[in-house]
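# Predicted model and sequence below, questions to follow.
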Amino acid sequence: MYFPRYRARRTRKNENLRRMVRETHLRVDDLIYPMFSAFGENIKNEIPSMPGIYQHSIENLVEEAREVHALGIPAVMLFGIPECKDSVGTDAYSDTGIIQRTIRALKEEVPELTVITDVCMCEYTDHGHCGVIKDGDVDNDSTLELLAAEALSHAQAGADIVAPSDMMDGRIAALREILDDNGFSHIPIMSYAVKYSSAYYGPFRDAADSTPQFGDRRSYQMDPANRREAIREAALDVDECADFLMVKPALAYMDIIRDIKERFELPLVVYNVSGEYSMVKAAAAKGWIDHDKVVMETLTGFKRAGADLIITYHAKEAARLLRG
């Protein structure tokens, strides 16, 4: 097929033709909205580095969750800001912890909404790291015990899916074992299988008050330069019986999304992280880009790369745009 007999522009000349031959489709069903639940009452604190995203006390979070559900978004992912933090993140696995209370409120008030919980320690520890500190670093195996207790407490509170984000070795097997042993074999695990040590997380650490008080997370999160390692990490989680795989961040890791999609059959989730969101907001505020078009182009790009589901702070905006 060569020009002039073949002309690729023939199927681009109007919107109906473009719609008819469109290869990739973004749907509201593909979206998951992250939410930050804070201890206290009457709290609605906008996160300075993430315009339009808030820390909410439980009653206000429930109200936003009703809005999310009304837009047709099927699921939310919960992160907690507890009243108190300590060296072992006690609130993370307490029956009366902030996330456990939030889960119960959501299941009572918006029962149709799927509730996914982040399982990690960094939001609950006074040092800001994702586990138990020994000799200046996170100790893998003792952290697994706390993560398992946290996941079980979320399931007992009514979570629909638990999502470990800590990047400890063996965490999926540890969570699967404790859930199965306690009557929660039906609860899926959404693994942050491929989570890079990324500069794109900066605004999230403001949102979740989880900045490390010393060092960084490079001893457990992945080196951004590594590609083959991502395959190994995902394969381990598949072997340990994860139900979903995730790549985080998304925008700078499109090649990794495609690699994981081509090699594994589990549903693939990507996390459109805080820094990606904030860059769009900042550029749009300057008038440098068309906000809505960039949002939709970016989310569609994730789908084209292979994502089945997208965790994104743009979820409500995208849902409104998709509904027209």
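Yes, it's here.

# worst-scoring helix or strand of this structure, pLDDT-wise?
Every helix and strand in the chain was compared by mean pLDDT, DSSP states H and E; the lowest is helix 202-208, with a mean of 80.

# how far is that one from where the chain is centred?
Distance of helix 202-208 from its chain centroid, counting by CA atoms, centre = their mean, to the nearest Å, is 13 Å.

# Only C-alpha atoms, please: export that helix in CSV.
Presented in CSV, the C-alpha positions along helix 202-208 are these (Å, rounded to 0.1, in the frame of the first residue of the first chain):
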residue,chain,number,x,y,z
GLY,A,202,6.6,14.3,46.1
PRO,A,203,3.1,15.8,46.5
PHE,A,204,1.7,12.5,47.9
ARG,A,205,4.0,12.8,50.8
ASP,A,206,2.4,16.1,51.6
ALA,A,207,-1.1,14.5,51.3
ALA,A,208,-0.3,11.5,53.5
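
# How about residues contacting it?
Helix 202-208 is contacted by residues 36, 47-50, 53, 55, 79-81, 122-123, 210-211, 273-275, 277-278 when judged by CB atoms under 8 Å, 6 or more residues apart in numbering. C-beta: built from backbone N, CA, C; applies to glycine.

# Among these, name the ones in helices.
274-275, 277-278 (DSSP state H).

# Include distance to Lys286 and neighbour count when you put these into JSON lines, please.
Below are those laid out as JSON lines (distance: CB to CB, whole Å; neighbours: other CB atoms under 10 Å):
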{"residue": "Ser274", "distance to Lys286": "19", "neighbour count": "24"}
{"residue": "Gly275", "distance to Lys286": "17", "neighbour count": "20"}
{"residue": "Tyr277", "distance to Lys286": "15", "neighbour count": "25"}
{"residue": "Ser278", "distance to Lys286": "13", "neighbour count": "22"}
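
# Can you go through the contacts of helix 202-208 and name the buried ones?
Buried subset of those (neighbour count, 16 or more other CB atoms under 10 Å): 36, 47, 49-50, 53, 55, 79-81, 122-123, 210, 273-275, 277-278.

# which residues of the stretch 1-150 of the chain fall in helices?
Applying DSSP state H, counting those that start in this stretch to the stretch 1-150 of the chain gives helices spanning 15-20, 58-70, 98-109, 140-157.

# Next SSE downstream of the longest one?
Later in the chain than helix 140-157, the nearest helix or strand by DSSP states H and E is strand 161-164.

# Can you get me the centre-to-centre distance for the helix or strand where Ile260 lies and its chain?
Ile260 belongs to helix 254-263 when assigned by DSSP H and E. Its chain's C-alpha centre and that of helix 254-263 lie 17 Å apart, by CA atoms, centre = their mean.

# Give the other helices and strands that that helix contacts.
Where contact means 3 or more CB pairs under 8 Å, 6 or more residues apart in numbering; DSSP states H and E, helix 254-263 is packed against strand 190-195, helix 228-239, strand 244-248, strand 268-272, helix 291-305.

# who does Ile116 bridge with?
Counting by DSSP bridges, Ile116 is bridged to Met77, Ile161.

# could you check the angle helix 291-305 makes with the helix holding Ile260?
40 degrees (axes from the mean of the first three to the mean of the last three CA atoms, to 10 degrees).

# pLDDT weak spots in the stretch 151-300 of the chain?
The stretch 151-300 of the chain contains residues with pLDDT under 70 at 208, 210, 214-215.

# Might one say that Ser37 is in contact with Thr102?
Yes - contact criterion CB atoms under 8 Å: Ser37 and Thr102 qualify, at 4.2 Å.

# Great, nothing more from me.
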